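>>> Output the structure for:
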Amino acid sequence: MSAQWGDSFDFGLLGRPASQDGMLVWLLRRNCSISPRQLLLFFVSLNLVSLFVALLCWVDGAKLVPPFTLVELVGMGVALLIYARHAGDRERVAISAQALVVEWECAGHCQRVAFNPRWARVALHDNGLIAVSESGRQAFVGRYTRAERREKLARDLRRALLAV
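Residues are numbered from 1 along each chain as shown. Below you'll find the model as predicted:
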């Protein structure tokens with residue numbers, strides 16, 4: 001199946017879908033420049049340096065520097081925690097002859113919708129995302145794909161539906 005898929009479609013900007021257990025799978029992830037582990041190491045090193053400087057200032061007589069340093073580090077920690085919660089966000093679209101499955105994860109919460117591939121429709125929605133629908137149910141894909149690439153992704157999904 002993947003040889004026919006590779007021969008008949010132009011993958012261009014999005015690349016080939018992975019083939020897993022007889023399914024074509026598109027995995028769309030958030031573009032993160034730093035992993036949660038790297039972020040933790042950065043935050044720990046930032047804390048150590050800032051606390052060391054605050055301690056030096058306190059020893060020199062600047063008694064208000066340590067409390068403001070703590071407020072700054074707590075604020076930075078909250079911002080980095082929010083970033084880290086969304087670093088693993090992703091969307092997964094899997095198409096086989098039996099099902100079209102759309103899964104998405106946001107801040108650790110997973111949702112999944114399965115469609116009959118014979119009845120499913122793929123279209124660009126007014127909100128700019130790709131709408132996959134069937135029998136009144138609808139799921140949106142493309143949150144982590146650049147806007148100019150969504151139409152190509154929708155076209156590739158339609159072609160994959162026709163091929164199964």
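>>> per-domain residue ranges of this structure.
2-30+88-163, 36-86 (automatic domain parsing).
>>> can you give me the helices in the protein?
Taking DSSP state H as the test, the helices found in the chain are 2-8, 36-59, 65-86, 147-163.
>>> Single out the most deeply packed of those.
Of all the helices of the chain, helix 147-163 carries the top mean neighbour count, a mean of 16, counting by mean count of other Cβ atoms under 10 Å. Backbone N, C-alpha and C define where each C-beta goes, glycine included.
>>> Looking at it now, give me its mean pLDDT.
Helix 147-163 carries an average pLDDT of 92.
>>> Over to stretch 82-92?
In the prediction, stretch 82-92 has an average pLDDT of 88.
>>> Worst mean pLDDT among the domains of the chain?
domain 2-30+88-163 (a mean of 85).
>>> ok now it, how far from the chain's centre?
Chain-centre distance of domain 2-30+88-163: 14 Å, with Cα atoms, centre = their mean, to the nearest Å.
>>> tally of neighbours for I95?
If you count neighbours by other Cβ atoms under 10 Å, I95 ends up with 23.
>>> Tell me how far it lies from E134.
From I95 across to E134, the span is 13 Å (Cβ to Cβ, to the nearest Å).
>>> Identify the residues contacting V53.
V65, T69 (Cβ atoms under 8 Å, 6 or more residues apart in numbering).
>>> and if you look at R112?
Contacts of R112 by Cβ under 8 Å, 6+ apart are V101, V102, E103.
>>> Of those, which is the nearest to D60?
Nearest to D60 among the contacts of R112, counting by Cβ to Cβ, is E103 at 55.5 Å.
>>> pretty sure the closest one contacts F115?
No. At 12.0 Å, E103 and F115 do not qualify as touching, with contact defined as Cβ atoms under 8 Å.
>>> neighbour count winner among the two?
Taking neighbours as other Cβ under 10 Å, E103 and F115 compare with F115 leading, 22 against 17.
>>> looking at the sheet around the more buried one, what are its partners?
L100 (DSSP bridges).
>>> Mind listing what's buried along stretch 112-130?
V113, A114, F115, P117, A120, V122, H125, L129, I130 (16 or more other Cβ atoms under 10 Å).
>>> tally of neighbours for the nearest residue to V113 once chain neighbours are set aside?
Spatially, and ignoring its direct neighbours in sequence, V113 is nearest to A139 (4.4 Å; Cβ to Cβ, 6 or more residues apart in numbering). Neighbour count of A139, defined by other Cβ under 10 Å: 23.
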